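S.K.: Give me a 3D structure for the following:
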Amino acid sequence: MPGGRLTQQERQQIALGLADGLAYAEIARRLDRPTSTVTREVMRNGGPTVYRADLAHRATARRAHRRKRSVPREATALPQVHGRDAEAVREYEETLTTVLTASGAPRMMARVLACLYTTDAGSLTAADLVRRLQVSPASVSKAIAFLEDQGLVRRERDGRRRERYVVDDDVWYQSMMASARGTARLGETARQGVGILGPGTPAAIRLENIARFVDFVSESIVRSAEQAREVLHTKPSPGPPS
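M.R.: Model (predicted):
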């Protein structure tokens, strides 16, 4: 399997594969590259609908130049446990960051979240995140505030009274519930407009339809999140003694 950065010819093959509607895995197979390499390449350069080989090649060169100037010389891959390949872990964190960014998360918030997800403890301090991501404390603070507002992380104090940022099995449930509450508020606001604009008018009918739609969606989110939490995260009760 070839290593190193993608060549311009490989990027052209990726663009042709996307135009032909091929899956990332199939494009990667034809290039003899990992699927994660193709996924990351496409998502960090605009996604499958706007990917352009020449633009992606120039953007990659610019990013490499910036990293060469900004990354401290002493920065090295963090030691890994359980026999993990440090470079493979770093590549996976970048892929996960790219996917989270494509789903709507700002990049710094996605980097922090990916960093937390890939720790065995599921928690890090602000100092840990600054060291691992090579960013300023202010950047970490801003990212945590955003993620906390979305219900994607929570804060707790450890035995040394340090503030830690935590993700666990329940974090996506809490995030879904926060999303459902936000959707429900949209429905309430849309319904308020019905009375203001006059029931039966075209604008009021439009808002009523919005309210009915988002009500249904928010109720479905709550119901599905509660069912998933019960099925996936409830430990089975011990059976009767044999």
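S.K.: Let me know the average pLDDT across the longest helix along the chain.
M.R.: Longest helix in the chain, counting residues (DSSP state H): helix 202-233. Here helix 202-233 scores 90 as its mean pLDDT.
S.K.: tell me which element the residue nearest the centre of the chain is part of?
M.R.: With distances taken as Cα atoms, centre = their mean, the residue of the chain nearest its centroid is Leu100 (2.1 Å). Element membership of Leu100, judged by DSSP states H and E, is helix 86-102.
S.K.: pLDDT on that helix, on average?
M.R.: Helix 86-102 comes out at a mean pLDDT of 82.
S.K.: Quick one: residues in contact with whichever helix or strand comes after it.
M.R.: Later in the chain than helix 86-102, the nearest helix or strand by DSSP H and E is helix 107-117. The list of residues contacting helix 107-117 from outside it, by Cβ atoms under 8 Å, 6 or more residues apart in numbering, reads 93-94, 96-98, 100-101, 105, 122-124, 129, 132-133, 135, 139-140, 142-144, 146-147, 152-153, 165-167. In short, each C-beta sits where N, CA and C put it, glycine included.
S.K.: related to what we said a few turns ago, now do the helix holding Leu100 and helix 107-117, the angle between them.
M.R.: Relative orientation of helix 86-102 versus helix 107-117 (axes from the mean of the first three to the mean of the last three Cα atoms, to 10 degrees): 130 degrees.
S.K.: What is helix 86-102 packed up against?
M.R.: If you count contacts as 3 or more Cβ pairs under 8 Å, 6 or more residues apart in numbering; DSSP states H and E, helix 86-102 packs onto helix 35-43, helix 107-117.
S.K.: Those helices into TSV, with extra columns for mean neighbour count?
M.R.: Shown next, in TSV, are the helices and strands packed on helix 86-102 (neighbours: other Cβ atoms under 10 Å):
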stretch	mean neighbour count
helix 35-43	21
helix 107-117	21
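S.K.: now these in CSV, with distance to Ala25 and mean pLDDT?
M.R.: Formatted as CSV, these follow (distance: least, Cβ to Cβ, whole Å; pLDDT from 0 to 100):
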stretch, distance to Ala25, mean pLDDT
helix 35-43, 5, 86
helix 107-117, 21, 90
